[in-house]
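Undergrad: model this:
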Amino acid sequence: MKSLYDVPAPAKLNLFLHITGRRADGYHLLQSAFMLIDWCDTLHFEVRPDRRIARHDLTEPLPKDDLMVRAAHALQALTGCSQGVDISVEKRIPAQAGMGGGSSDAATCLLALNRLWKLNLSTAQLAKTGLQLGADVPFFLQGSNAWVEGVGDIITALDLPPARFVVVKPSMGVDTASIFASPDLKRDTNPATILGFAAHPYDFGRNDLQPVALRHCPQIAQALEWLGSMGLEGRMTGSGSAVFAQMPHVFDLGISPVTWQVRTCSNLAAHPLQGWASSDS
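TA: Numbering: from 1, shown residues only. As a prediction, the model looks like this:
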């Protein structure tokens, strides 16, 4: 196998996000439900005979040393692989959205190169490398919707009922570090249970980052107000500026501001690449 084309990297939504504490090293303890959706980037891979890692941006330009490039170099360093790769990227998931686009791209890169380079690493081995790249990468590697705890490292698979959502990404982004550094951030939410969440998965909890983010990015409030004007209950996903709401089966979204990205999405029962690596550790 010398190439893989049209390889998907799906986005995620945080159905809720609670901050339950903070460790002595400054890392926040959280609880969240991560849900995969069908808003995807598309990656294409062609093996090179040398060790060069080359990325080609087919849509918008990306940072030179992004997570995909770092993921490929990390696999080379881990395995001593002498092959390289050309990675072509059709970027559709917006940046600074809280939708995990960069982490998903990195996970897809790890899974695809594990196959192309015939490394035969397990999901658990890939996840150890992925965690060094970003806290959300192991989630995308494990392949299912999930209940996430700790600092993002404790992942329990979830089954979620099929549903449709409208996702709105305003033109402004949010700096994640400034939100987590805010003295106004609520850090003492009582721990929740999976059983309590499962009773009402699409109407559970809140995003503890949202009140602070609203002060940093007024467009988040505008997007929530736009959803509210149509009778939809929106909330922020992750630590970015995107917001979402569950949709009724038949719904007219009307006209959104031209600078926003607005999409209707379905949730996914599993990651499209689930099973691409062995589950054995």
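Undergrad: Restricting to C-alpha, output the helix or strand containing Pro10 in PDB.
TA: Here Pro10 is covered by strand 3-22, with elements defined by DSSP states H and E. Taking C-alpha atoms only, strand 3-22 is exported to PDB below (Å, rounded to 0.1, in the frame of the first residue of the first chain):
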ATOM      1  CA  SER A   3      -1.400   5.700  -0.800                       C
ATOM      2  CA  LEU A   4      -4.600   6.400   1.000                       C
ATOM      3  CA  TYR A   5      -7.100   9.000  -0.300                       C
ATOM      4  CA  ASP A   6     -10.200  10.600   1.100                       C
ATOM      5  CA  VAL A   7      -9.500   9.700   4.700                       C
ATOM      6  CA  PRO A   8     -11.900  11.500   7.100                       C
ATOM      7  CA  ALA A   9     -11.100  13.400  10.300                       C
ATOM      8  CA  PRO A  10     -14.400  14.200  12.000                       C
ATOM      9  CA  ALA A  11     -15.100  17.000  14.400                       C
ATOM     10  CA  LYS A  12     -16.500  16.600  17.900                       C
ATOM     11  CA  LEU A  13     -19.000  18.500  20.100                       C
ATOM     12  CA  ASN A  14     -18.800  18.700  23.900                       C
ATOM     13  CA  LEU A  15     -22.400  17.900  25.000                       C
ATOM     14  CA  PHE A  16     -21.400  19.400  28.300                       C
ATOM     15  CA  LEU A  17     -18.200  20.400  30.000                       C
ATOM     16  CA  HIS A  18     -17.800  20.700  33.800                       C
ATOM     17  CA  ILE A  19     -14.600  21.700  35.600                       C
ATOM     18  CA  THR A  20     -14.500  19.700  38.800                       C
ATOM     19  CA  GLY A  21     -11.200  20.700  40.200                       C
ATOM     20  CA  ARG A  22      -7.600  21.600  39.600                       C
END
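Undergrad: Run the chain-centre distance for it.
TA: Taking Cα atoms, centre = their mean, to the nearest Å, the mean C-alpha location of strand 3-22 is offset from the chain mean by 2 Å.
Undergrad: And stretch 259-274, by the same measure?
TA: 10 Å.
Undergrad: cool, and stretch 225-244?
TA: Mean C-alpha position of stretch 225-244 versus that of the full chain (Cα atoms, centre = their mean) differs by 17 Å.
Undergrad: cool, stretch 215-233 as well?
TA: 21 Å.
Undergrad: Next: stretch 28-40.
TA: How far stretch 28-40 lies from its chain's middle: 6 Å, per Cα atoms, centre = their mean.
Undergrad: what's the longest helix in this protein?
TA: Taking DSSP state H as the assignment, the helix of the chain that covers the most residues is helix 101-116.
Undergrad: Packing partners of that helix?
TA: If contacts are counted by 3 or more Cβ pairs under 8 Å, 6 or more residues apart in numbering; DSSP states H and E, helix 101-116 sits against strand 3-22, strand 28-48, helix 67-79, strand 84-90, helix 123-133, helix 137-142. The C-beta positions use only the backbone N, C-alpha and C, and glycine is treated the same way.
Undergrad: how about those in TSV, adding mean pLDDT and mean neighbour count?
TA: What follows is the helices and strands packed on helix 101-116, written out as TSV (pLDDT from 0 to 100; neighbours: other Cβ atoms under 10 Å):
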stretch	mean pLDDT	mean neighbour count
strand 3-22	97	20
strand 28-48	97	21
helix 67-79	98	20
strand 84-90	98	20
helix 123-133	95	20
helix 137-142	95	26
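Undergrad: Quick one: closest of those to Thr108.
TA: Nearest to Thr108 among the helices and strands packed on helix 101-116 is strand 3-22; the distance by Cβ to Cβ comes to 4.0 Å.
Undergrad: Who are the packing partners of the strand holding Pro10?
TA: For strand 3-22, the packing partners by 3+ Cβ pairs under 8 Å, 6+ apart come out as strand 28-48, helix 101-116, helix 137-142.
Undergrad: Lovely, talk soon.
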